[in-house]
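> How does the following fold in three dimensions:
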Amino acid sequence: MSDGSTVLVIGGGATGTGIARDLALRGVDVTLVDRGGLASGTSGRSHGLLHSGARYAEADAPGAAECLTENRTLREIAGECVRETGGLFVRLADDDADYFEEKLDACEAVGIETERLDGDAARELVPGLSERVVEAFRVPDGVIYPSRLVAANAADAERHGADVYPHAPVEGIEVAEGDGDEGDEIADGDENGGGVVGVRVGGEVDDTLEPDYVVNATGAWADRIADMAGVEVGMAPSRGVMVSVEHGGLGPVLNRCRDPDDGDIVVPHDGEVVLGTTSVPVSDPDDYETADWEVERSVEECAAMLPAVADAPEVRTWWGVRPLYAPEEAGSDRRGISRGFTLIDHGDEGVPNLFSVVGGKLTTYREMAEVTADRVCERLGVDEPCETAAERLPGADDPAELDVFVERYGGANPTDLDVAGAADD
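Coordinates of the predicted model:
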């Protein structure tokens, strides 16, 4: 192939496709590559929660506010890529009442709309809710169908001139040493700037690309790409299990109102609910053990909120790996690691045309993309505003069109296989 890309984005999850879309809308020449089909990493192996911010309100108010803002944005631009279910935080009789009050107060301080309910009112809202629920409050949570969301972003990027290759693994990165000052421009082959001069891409590309800038948006795999370029990131990935069982009629997302723990969320789909999750550190996001106890514990704990799921037929089970960024992480319990995102400029490591964007959440992918695209455009001298918060995604009003996009880029992934993959049945 002939490579004329200005920017190469590595990683075809929500963040990577969001970056490609953002840059393409600003008129930047961009190529996106992924190794195994779009959304096949963390994005398509999550529980698919559209965060209101309530899960982080008391521990990370700025992060919660980011979730709330992006929640509202996605409701406007994403159409059938999301589902507006609402959410419910429930306190069982043996859960800490002070934590419930702290969570509720923190939500209100952030600006998250809440409605307090007693146990009877909560059970009226959610038939089958446990008799052990003594109180609850409503929040504007929802559901994301990541296969659709990612595919729609990729399709819009292509419509605006981007090249998207879902089956094109990066096999190596060539870096040239420079003798210029840190952060020198290297576009157009500035020999003094140093940095990435070639990226070997296999699969359907099978060529060495020579982009001016490279964005590493590979999530839990960011260290692997960074290693190829001789730089460091510092990921601390953890695995979590999701179990989808047959259960129709659940309205809102259910969240256990307690300190984060295993099995504290139930996410509704059509005729199914997704139960999750666990948090177990892994050293390799491609090669890790899974354990039956994770499935059993997640089902048991979720059944404390919604008893019927304990005996519901299991439809599918999958594990995902969280792209947690913690360069100083030494402990084994990674639940406390921030879910905020970080944009790393590798110029201080001698690679000024390489960025890594790490951390974050599916809900905030668009903001992550905007911040990254802003930095890249600044380097390129592109003075065009971000338009992704206002421009609706293609197919947003047509589920069938969205699912055609999904098939184009590799098919539905476990999180929303029952929705985005329904046309295959």
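> next one: phi and psi at Phe341?
phi -120, psi 160 (degrees, to the nearest 10).
> now do Asn71
phi -60, psi -50.
> count of neighbours near it?
A total of 23 residues lie near Asn71 under the criterion other CB atoms under 10 Å. Yep, even glycine has a C-beta here, placed from its N, CA and C like the rest.
> any idea how far Gly53 is from it?
Separation of Asn71 from Gly53 (CB to CB, to the nearest Å): 7 Å.
> Likewise for Leu343?
21 Å.
> With Ala396 instead?
Taken as CB to CB, the span from Ala396 to Gly53 is 23 Å.
> One more: Gly16?
Taking CB to CB, one finds Gly16 at 24 Å from Gly53.
> Who has more neighbours out of the two?
Gly16 (34 against 29).
> got the contact list for that one?
9-10, 32, 34, 215, 217-218 (CB atoms under 8 Å, 6 or more residues apart in numbering).
> Then Leu92?
130, 132-134, 256, 304-305.
> got any ranges where this protein has weak pLDDT?
For the chain, applying pLDDT under 70 flags the ranges 1-5, 179-193, 328-339, 422-425.
> how does it divide into domains?
7-43+147-235+337-424, 85-141+238-321 (automatic domain parsing).
> Now distance to Ile77 too, for those, in JSON lines please.
JSON lines is the format used below for the domains of the chain (distance: least, CB to CB, whole Å):
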{"stretch": "domain 7-43+147-235+337-424", "distance to Ile77": "5"}
{"stretch": "domain 85-141+238-321", "distance to Ile77": "16"}
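> on that earlier part again, would you list the buried entries among the contacts of Leu92?
130, 133-134, 256, 304-305 (16 or more other CB atoms under 10 Å).
> For the stretch 201-350 of the chain, which segments count as helices?
222-228, 292-303 (DSSP state H, counting those that start in this stretch).
> And the contacts of the last one?
To tie it back to what came earlier, the one meant is helix 292-303. 240-243, 245, 254, 256, 261-266, 275-278, 280, 309-310, 317, 319.
> One more pass at 6 Å, please.
241, 243, 262-263, 266, 275-276, 278, 309-310, 317 (CB atoms under 6 Å, 6 or more residues apart in numbering).
> who wins for neighbours among the residues you listed?
Among the contacts of helix 292-303, the one with the most neighbours (other CB under 10 Å) is Leu275, at 31 neighbours.
> Arrange the contacts of Leu92 in CSV, one row each, with distance to Gly230 as further columns.
Compiled in CSV, these are given as follows (distance: CB to CB, whole Å):
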residue, distance to Gly230
Ser130, 53
Arg132, 54
Val133, 53
Val134, 56
Arg256, 44
Ala304, 49
Met305, 48
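> Closest one to Pro385 out of these, please.
Ranked by distance to Pro385 (CB to CB), the contacts of Leu92 are led by Arg256 at 40.9 Å.
> burial measure for Ala217, as a count.
31.
> which ones are touching it?
9, 11, 15-16, 19, 357.
> just to revisit the earlier point, export the helices of the stretch 201-350 of the chain as JSON lines, with columns for mean neighbour count and distance to Ala236.
Below are the helices of the stretch 201-350 of the chain laid out as JSON lines (neighbours: other CB atoms under 10 Å; distance: least, CB to CB, whole Å):
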{"stretch": "helix 222-228", "mean neighbour count": "20", "distance to Ala236": "10"}
{"stretch": "helix 292-303", "mean neighbour count": "18", "distance to Ala236": "19"}
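> Take the ones you listed and write them to CSV, including distance to Pro414.
As requested, the helices of the stretch 201-350 of the chain are exported to CSV (distance: least, CB to CB, whole Å):
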stretch, distance to Pro414
helix 222-228, 22
helix 292-303, 14
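> Those: which one's closest to Asp120?
So among the helices of the stretch 201-350 of the chain, helix 292-303 is nearest, using CB to CB, at 20.4 Å.
> Now do that closest one: distance to the chain's middle.
23 Å (CA atoms, centre = their mean, to the nearest Å).
> where's the nearest residue to Ala14 once chain neighbours are set aside relative to Asp163, distance?
What sits nearest to Ala14 in space, not counting adjacent residues and going by CB to CB, 6 or more residues apart in numbering, is Tyr365, at 3.7 Å. As judged by CB to CB, Tyr365 and Asp163 stand 20 Å apart.
> Looking at the two, which one has more neighbours?
Legend: neighbour count by other CB under 10 Å for Tyr365 and Asp163, higher for Tyr365 (28 against 21).
> That one and Gly18 touch, don't they?
Yes. Between Tyr365 and Gly18 a contact is recorded at 4.9 Å, counting by CB atoms under 6 Å.
> Just name the most buried of the domains of the chain.
Each of the domains of the chain was assessed for mean neighbour count using mean count of other CB atoms under 10 Å. The highest is domain 7-43+147-235+337-424, with a mean of 21.
> That one: how far from the chain's middle?
Using CA atoms, centre = their mean, the offset of domain 7-43+147-235+337-424 from its chain centre is 13 Å.
> And for stretch 119-139?
29 Å.
> same thing with stretch 91-99?
With CA atoms, centre = their mean, you get 30 Å for stretch 91-99.
> on that earlier part again, any idea which of the domains of the chain gets closest to Ala57?
Short answer: domain 85-141+238-321, nearest of the domains of the chain by CB to CB, at 3.8 Å.
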